[in-house]
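Undergrad: Quick one, fold the following:
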Amino acid sequence: MKKKAIDKKYIYMREDQKCYYCGRFLMPNKVSMDHYFPKSKGGTFDLFNLVCSCKRCNNFKRSHVPEDWMEVNIKLFRQAIEDKRIVTIGGLNIKVEELLKLAEKVDRTSVSEGYMVFEGPGIQFYVKENKIFKVTM
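TA: Residues are numbered from 1 along each chain as shown. Have a look, this model is predicted:
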């Protein structure tokens, strides 16, 4: 099975098989993946930036940046860590429990060139392709 298919299934199940925006039940073959922080504005393909959407809501949203994008990305980032979908690479040897504890400090995020930075008091996570490649404390 392709990685994208697995990720799509994960997101579909995470959203309880419903459109993130209108709450309508979605059949698996009718799901549209929406970049919560728009791809056109630098949004990534990471799990924390993708939500299930019906085609109508996805078309309506277009490249609008939701006011709560930061809070949603942080919530979904923590969820992906808890679900063991975000991993560490590059010699970072941090257990899931410790990652979750550190992720609780995150209170803001920013979009950079092809990756996201999750920040909080005394902590920064650099994330690309569902992998934490750098942590500064």
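
Undergrad: Tally up the residues packed near the closest residue in space to Met70 that isn't next to it in sequence, please.
TA: Nearest residue to Met70 in three dimensions, chain neighbours excluded: Thr109, at 5.4 Å (Cβ to Cβ, 6 or more residues apart in numbering). Placement of C-beta: from N, CA and C, glycine included. As a burial measure, Thr109 scores 22 neighbours (other Cβ atoms under 10 Å).

Undergrad: any idea which helix or strand carries Thr109?
TA: Using DSSP states H and E, Thr109 maps to strand 108-111.

Undergrad: Could you list the paired strands of that strand along with their orientation?
TA: strand 116-120 (antiparallel) (DSSP bridges).

Undergrad: and Lys95, what pLDDT?
TA: pLDDT recorded at Lys95 is 87.

Undergrad: wait, I meant Leu92
TA: pLDDT for Leu92: 85.

Undergrad: ok, residues contacting the strand holding Thr109?
TA: Applying Cβ atoms under 8 Å, 6 or more residues apart in numbering, the contact partners of strand 108-111 are 37, 41-44, 70, 73-74, 77, 116-120.

Undergrad: Tell me which two of these sit farthest apart.
TA: Largest separation among the contacts of strand 108-111 by Cβ to Cβ: Lys41 and Gly120, giving 23.0 Å.

Undergrad: Among the two, which residue is more densely surrounded?
TA: Between Lys41 and Gly120, counting by other Cβ under 10 Å, Gly120 is the more crowded of the two (16 against 12).

Undergrad: Val135 versus the nearest residue to the more buried one once chain neighbours are set aside, what's the distance?
TA: Of all residues not flanking Gly120 in the chain, Lys105 sits nearest, at 3.5 Å (Cβ to Cβ, 6+ apart). To Val135, Lys105 is 12 Å away according to Cβ to Cβ, to the nearest Å.
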